[in-house]
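pasting a predicted model and its sequence here:
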Amino acid sequence: MSEIEVRHLSKTFTQKDLKVDALSDINISIEKGDVYGIIGMSGAGKSTLVRCLNYLERPTDGQVIVSGQELGALSEQELRQARMKIAMIFQSFNLLQQKNAVDNISFPLRIQGMPKKEARVRAKELLKTVGLADKAKSYPSQLSGGQQQRVAIARALACDPNILLCDEATSALDPQTTDQILQLIREINESMGLTIVIITHQMAVIQKVCNRVAIIENGHLVEEGKVSDIFAHPRSRAAKELIMRDVHENFVIPETVDEITEGKKIRIVFTANSAFEPVVSNMILKFGQPVNILRANTRNVGGVAKGDMILQLPVDRETRLQMEDYLKERGLEVEEVNN
């Protein structure tokens, strides 16, 4: 049985005479222990979707089933009980500024009635878990952004949740701190067995930590599957745009590339195993035709080293087709790209 199952979920916002369909007929299934990514551009509906997973937003239609319970069928009291097992962290950390780290983490435990001394012991254990054992008495204003997010994660873990929802949790952080937080999330997933859902607009975040991903565009689910499969062979336009946008954000493309108009451009994807053979060099020698390498990159996708290149093949159609077959025969994914 899935940890989270979303069936035909739709959400419409109405203001006066204006109706906005934020989500339309979303169907996803998240297994226990998944690190599941939900990605889309700004306004795609991904944050609305994650808020429907704990019924902070009530869907207009459809069902959300968490740990076998349909949230829409629960009373308010039952829903509050169910939410205690669904923790959430945010882009803005949402720490209480007048409380130090240990008191921020203790806060939800005290609300549940745990004695102060016991709650503080639990909070200090969680500070150690997130690597901040020496920051118990520090206030949010005395902590860096990454440290504040670690405190927020510790607070989210205080009530022993089964599910952790992360809504753009690394968007306000620099790249190095983002990597550290993502590593912490992965460690929590592995050591505690939590099911984690990550909302982001950055494909790099998905590739580093998630095993499955749903791609949302204009309120619709346009693609869903294993991260490695979608990286290797994206089917939807939105997936291709997100992958290529990640490329352009992280690499400087020479201005001369824009001037190259002749020949077909393809994207090839290779793993660590296929990277040992100099495939492109051998192909050039075999066919005696030049090939432009417009971009090349290697990255970590779900813990596996993968790379991709964008090549410009010769103008001659027959030679191009033979080159594409040559690459495919060597186990490389090949797809056409436009400018």
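Everything's here; your move. Numbers count the residues shown, from 1 in each chain.

helix/strand/coil for Phe93?
Using DSSP: H, G, I helix; E, B strand; the rest coil, the secondary structure recorded for Phe93 is coil.

that one - how many residues pack around it?
In terms of burial, Phe93 registers 20 neighbours under the definition other Cβ atoms under 10 Å. The C-beta positions use only the backbone N, C-alpha and C, and glycine is treated the same way.

what does the one 5 residues further on give?
Gln98: 9 surrounding residues under other Cβ under 10 Å.

which ones are touching it?
With contact taken as Cβ atoms under 8 Å, 6 or more residues apart in numbering, Gln98 is in contact with Tyr139.

just read off the phi/psi values of it.
Per-residue torsions, Gln98: phi -90, psi 0 (degrees, to the nearest 10).

check Ala169 too.
Backbone phi and psi, for Ala169 under degrees, to the nearest 10, turn out to be phi -70, psi -20.

who's in contact with Gly45?
Taking Cβ under 8 Å, 6+ apart, one finds Lys11, Ala22, Leu23, Ile216, Asn218, Gly219 in contact with Gly45.

for Pro290, see how far away it is.
Distance of Gly45 to Pro290, computed by Cβ to Cβ, to the nearest Å: 45 Å.

same question, Gln149
Using Cβ to Cβ, we find Gln149 at a distance of 48 Å from Pro290.

repeat for Tyr326
Distance from Tyr326 to Pro290, counting by Cβ to Cβ: 15 Å.

and those two? Which one has more around it.
Legend: neighbour count by other Cβ under 10 Å for Tyr326 and Pro290, higher for Tyr326 (16 against 10).

isn't the more buried one right up against Leu285?
No. With the criterion set as Cβ atoms under 8 Å, Tyr326 and Leu285 do not qualify as a contacting pair; they are 11.3 Å apart.

what sits against Leu95?
By Cβ under 8 Å, 6+ apart, the neighbours of Leu95 are Asn104, Pro140, Gln148, Val151, Ala152, Arg155.

distance check, it against Tyr139.
Here the criterion is Cβ to Cβ. By it, Leu95 lies 9 Å from Tyr139.

perfect, that will be all.
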